[in-house]
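K.L.:
Just the structure for this:
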Amino acid sequence: MNILLGVSGGIAAYKACEIVRALKKRGDAVRVIMTRGAQEFVRPLTLQVLSENPVGTDIFDASYESEIGHIDLARWADIVLVAPATADLIGKLAGGLADDLLTTVLLATRAPVLLAPSMNTQMWFHPMVQRNLDILQEVAGYHVVSPDSGELACKEVGPGRLPDAPVVLQFLDRAGAPQLLAGKSVLIAAGPTREYIDPARFISNPSSGRMGFALARAAWVLGADVTLVSGPSALANPPGVRAVAVESALQMHAAVMDEAGRADFVCMCAAVADIRPAEAAAKKREKASLSSSLALVRNPDILAELGQLYGALAPDSGGDEGEPESGPFLIGFAAETHDVVARASAKRLRKGADMIVANQIGGAASAFGATSSKITVISAEETLDFGPATKEALAVDIWRVAVRLAGASPTLGSEKS
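P.N.:
Numbers count the residues shown, from 1 in each chain. Reported below is the predicted structural model:
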């Protein structure tokens, strides 16, 4: 993707270097334009080396114009990111001014524009700054990533910090992605559960939650309102996603059932423990008191329960392959050691899911804890193979198939009451 980065004159201009590095690392082509103020904080040569392209600083630079040209640059960009965007630059853009190279290119481009404001907290809260941002969003269709809160360079504490590069890139991807899930509500269950024997011991599994977190991130990038119910995981919550942390299968069951009726899509990607101790000790049990047997009981089958309420097993569904009159589109996961596709297909029918994603566990191709995988997506209509690919890429493939099978339309949410 062709990314044009505009850097204006704030202390956060140094973070533009990390943004360029992150963009280049993932394979994007980057060009940079700096305002006069930005050059007081970062040398153009630094961004030229990092971007591997000349840096634009002056609309009257004959050599730069002859090599690129500001209009050609405006057409070249697939998306324009301004980070940091100062209050001064935001005001100029809201007024339609074009008095330097960056503002001229921004007026000339038809690419999506993402602003990442960074400024003093009191400036951020000033009604004129907020009005200018409203104008740019409502009239010009600009996208805005809100600043982080924390201690600023001026020692004030509050919103105004430029978010770190991974967060900015997440919003950049959303601004430039096809909004396949715009207006849709997505609920994802991810990660393992822990079933405690006592405060020091539990039953669990090797799931890292990576696939579920990738699905949440991809759904948000594609425009959805996303809720992620996750068991214990070392992964950071994706920006923009509402996170609900749980530990046990019973907690996950309660959280999912509370949210599912309001969702357009429910994706059960979690590795939920099938069993739990019949009784969990309140205090750590002495080793001498442990026996070779442990009384266990079954946990709720969340996907099967959803299938009975909303899926093919619902009373008004019309049969195994029928469509229920209301409720979310149900996506299940099947991690299998053998006969992967056959066992996953049977699971889809047994649980009443609309679609199921099958993957291998064990051996060199194991999906547990891996950053990449191979999957098979199974529905009543088709069986599709994807990968090997990163879980982030596979997540996009899964949502593309789900949206198509669900026949997602602007009225989907209102039909599912």
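K.L.:
Can you give me the pLDDT of the residue nearest the centre of the chain?
P.N.:
Per CA atoms, centre = their mean, the C-alpha nearest to the average position across the chain is that of Arg217, at 1.6 Å. Here, the pLDDT recorded for Arg217 equals 97.
K.L.:
Quick check: which ranges of the stretch 101-250 of the chain have low pLDDT?
P.N.:
The stretch 101-250 of the chain contains no residues with pLDDT under 70.
K.L.:
which stretches of it form strands?
P.N.:
Along the stretch 101-250 of the chain, counting by DSSP state E, counting those that start in this stretch, strands occupy 113-117, 143-144, 148-151, 157-161, 185-190, 195-198, 201-203, 225-230, 242-245.
K.L.:
among those, which is nearest Gly56?
P.N.:
strand 113-117 (16.3 Å; CB to CB). The C-beta positions use only the backbone N, C-alpha and C, and glycine is treated the same way.
K.L.:
and the closest one, which strands flank it?
P.N.:
Partner strands and pairing direction for strand 113-117 (DSSP bridges) are strand 79-85 (parallel), strand 143-144 (parallel).
K.L.:
Now the residue nearest to the centre of the chain: closest residue in space that isn't a chain neighbour?
P.N.:
Nearest-residue entry for Arg217: Pro238, 4.0 Å, with adjacent residues in sequence omitted and distances by CB to CB, 6 or more residues apart in numbering.
K.L.:
Also Ser345?
P.N.:
Spatial nearest neighbour of Ser345, excluding adjacent residues (CB to CB, 6+ apart): Ile378 at 5.4 Å.
K.L.:
Check the strands paired with strand 113-117 for me and report the most buried one.
P.N.:
Between those, strand 79-85 has the highest mean count of neighbours, a mean of 27, where neighbours are mean count of other CB atoms under 10 Å.
K.L.:
if we can go back for a sec, just checking, the residue nearest to the centre of the chain touches Leu235?
P.N.:
No: contact status for Arg217 versus Leu235: not in contact, 9.9 Å apart, counting by CB atoms under 8 Å.
K.L.:
Arg31: what secondary structure?
P.N.:
Classification of Arg31 using DSSP: H, G, I helix; E, B strand; the rest coil returns strand.
K.L.:
what about it, neighbour count?
P.N.:
Residues contacting Arg31 under the criterion other CB atoms under 10 Å number 24.
K.L.:
circling back to that earlier point, now distance to Met268 too, for the strands paired with strand 113-117, in JSON lines please.
P.N.:
Below are the strands paired with strand 113-117 laid out as JSON lines (distance: least, CB to CB, whole Å):
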{"stretch": "strand 79-85", "distance to Met268": "33"}
{"stretch": "strand 143-144", "distance to Met268": "31"}
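K.L.:
which residues touch the residue nearest to the centre of the chain?
P.N.:
Counting by CB atoms under 8 Å, 6 or more residues apart in numbering, Arg217 touches 170, 238, 241, 392, 395.
K.L.:
Out of the strands paired with strand 113-117, the one nearest Ser373 is which?
P.N.:
Nearest of the strands paired with strand 113-117 to Ser373, taken as CB to CB: strand 79-85 at 28.6 Å.
K.L.:
and the angle from the helix or strand following that closest one to strand 79-85?
P.N.:
Once the chain leaves strand 79-85, the next helix or strand it forms, by DSSP states H and E, is helix 87-94. Helix 87-94 and strand 79-85 are oriented at 140 degrees to each other (axes from the mean of the first three to the mean of the last three CA atoms, to 10 degrees).
K.L.:
Now do helix 87-94: which elements does it pack against?
P.N.:
Contacts defined by 3 or more CB pairs under 8 Å, 6 or more residues apart in numbering; DSSP states H and E place helix 87-94 against helix 101-108, strand 113-117, helix 127-138.
K.L.:
Strand 185-190 and the longest helix anywhere in the chain, what's the angle between them?
P.N.:
Secondary structure assigned by DSSP state H gives helix 391-406 as the longest helix of the chain. Relative orientation of helix 391-406 and strand 185-190, computed by the same axes, to 10 degrees: 130 degrees.
K.L.:
Now do the buried residues in helix 391-406.
P.N.:
In terms of neighbour count (16 or more other CB atoms under 10 Å), helix 391-406 has its buried residues at 391-403, 405-406.
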